[in-house]
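Peer 1: take this sequence and fold it.
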Amino acid sequence: MSDAAAPPMVELKEVVVSFDGFKALDVKSLSIGRNELRVVIGPNGAGKTTLCDVISGKTRVVSGKVYFDGHETTYSSDVEIARRGVGRKFQTPSVFDSLTVYQNMELSLPGRRGVWKTLFSSTDPNQTSNILRLLERVHLLDEADRPAKYLSHGQRQWLEISMLIVADPKLLLVDEPAAGLSDRETELTAELLLELAGRHTLIVIEHDMDFVRRLNSRVTVLNEGKVLADGTLEQVQADPAVIEAYLGR
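Peer 2: Below you'll find the predicted structure:
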C-alpha cells in the first residue's frame, strides 16, 4: 500500500479536552499524513502541548476520537501508544546526565527499558554502527564517551532528537527544537528534521518563525484550542484571523 492510499498517521475527530471547565482543545478535524512534516504554531495557551499530550496518550479526551496509524487510540495508555511507534521530545531536553552520550543512545534502542538493562546488555554491530552514524550526523561523535551533563544546551537538544531517532518511532513529536539555540545550531537542527521527513512522520511545535520558514512545510495554526488556519507558512501569515490572533502581536 502506498503512502497516498494509506490512512493518515494521525487523525483527530471532534476532539475536546477540558480542564476545570476550560476547553484546552476543541478540534473538529485534524489529519497528518504518513511521513509528513507538520509544523504547529500558535500563541501561548493555544493548545499545542495539549495536542501532543492527546496524541501521545498523556491526556484523555472528554469526547471525540483519536487515531494513530489506522488504529483508534482514544483510550489507549501512553505506554501502549509509545509501543505503537510514537516518540516524543519535550521542550526541555531529558537525558541521563550521569550516563555518557553513547550510553544515552543505547538506552533508547528498541527493547531497552531501564538503565540497568542497558548497562548489562550487549549492543550488536548494526546498532553500534547506527548510533555512531547518528552521533556523527549531529556533531556528537567526539563527545560519545563524555557524560551528558557536560553538553551544551544545543548538544543536549541534538542528543535527545538522536535518542528519538534510534528508537525508530513512526511518529516524532518535537516540542520547540530551536529554543535556546545559536544561529548555526538552529540551521543544523532544521537540516536534521528535514532529513527525517519522508522516513518518519514529524509534528514540530515551534515559535521561531525563521525556523518554521527553514522547514518549508505545511503549517497548522492553533488558537484557543481550535484550528485557526492550515496551509503553507505564506498562506497562514496572510490570513487576517491569524494576524489578529498571533502573528500581528
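Peer 1: which element follows the lowest-mean-pLDDT helix or strand in the chain toward the C-terminus?
Peer 2: The weakest-scoring helix or strand in the chain, judged by mean pLDDT, DSSP states H and E, is helix 115-119 (a mean of 51). Where DSSP states H and E defines the elements, the next helix or strand beyond helix 115-119 is helix 125-137.
Peer 1: give me the buried stretch members for stretch 232-246, please.
Peer 2: Of all the residues in stretch 232-246, those buried under the rule 16 or more other C-beta atoms under 10 Å are L233, V236, Q237, D239, V242, A245, Y246. To be clear about C-beta, it is placed using only N, CA and C from the backbone, and glycine gets the same treatment.
Peer 1: how far away from the center of its chain is the helix or strand where L228 lies?
Peer 2: Secondary structure from DSSP H and E places L228 in strand 226-231. Strand 226-231 has its C-alpha centroid displaced from the chain centroid by 19 Å (C-alpha atoms, centre = their mean, to the nearest Å).
Peer 1: geometric centre of this structure: which residue is closest?
Peer 2: The centroid of the chain falls nearest to L173 when counting by C-alpha atoms, centre = their mean (1.7 Å).
Peer 1: next one: the nearest residue to that one once chain neighbours are set aside from P177, what distance?
Peer 2: Nearest non-adjacent residue to L173, counting by C-beta to C-beta, 6 or more residues apart in numbering: R88, 4.3 Å away. For R88, the distance to P177 equals 12 Å [C-beta to C-beta, to the nearest Å].
Peer 1: compare the two and say which one has the larger neighbour count.
Peer 2: A side-by-side neighbour count of R88 and P177, using other C-beta atoms under 10 Å, places P177 first with 26 against 22.
Peer 1: where's the nearest residue to the more buried one once chain neighbours are set aside, which helix or strand?
Peer 2: Once flanking residues are discounted, P177 sits nearest to T189: 5.3 Å by C-beta to C-beta, 6+ apart. Using DSSP H and E, T189 sits within helix 183-196.
Peer 1: now V39: phi and psi?
Peer 2: Main-chain torsions, V39, degrees, to the nearest 10: phi -100, psi 130.
Peer 1: go on, Y75?
Peer 2: Its backbone dihedrals place Y75 at phi -110, psi 10, with angles given as degrees, to the nearest 10.
Peer 1: count of residues packed around it?
Peer 2: Using other C-beta under 10 Å, Y75 is surrounded by 11 other residues.
Peer 1: and the pLDDT at it?
Peer 2: pLDDT recorded at Y75 is 94.
Peer 1: which residues touch it?
Peer 2: R60 (C-beta atoms under 8 Å, 6 or more residues apart in numbering).
Peer 1: name whatever forms a beta bridge with F19.
Peer 2: Beta bridges link F19 to F22, judged by DSSP bridges.
Peer 1: surely S31 touches P8?
Peer 2: Yes: assessed by C-beta atoms under 8 Å, S31 is found in contact with P8 at 4.4 Å.
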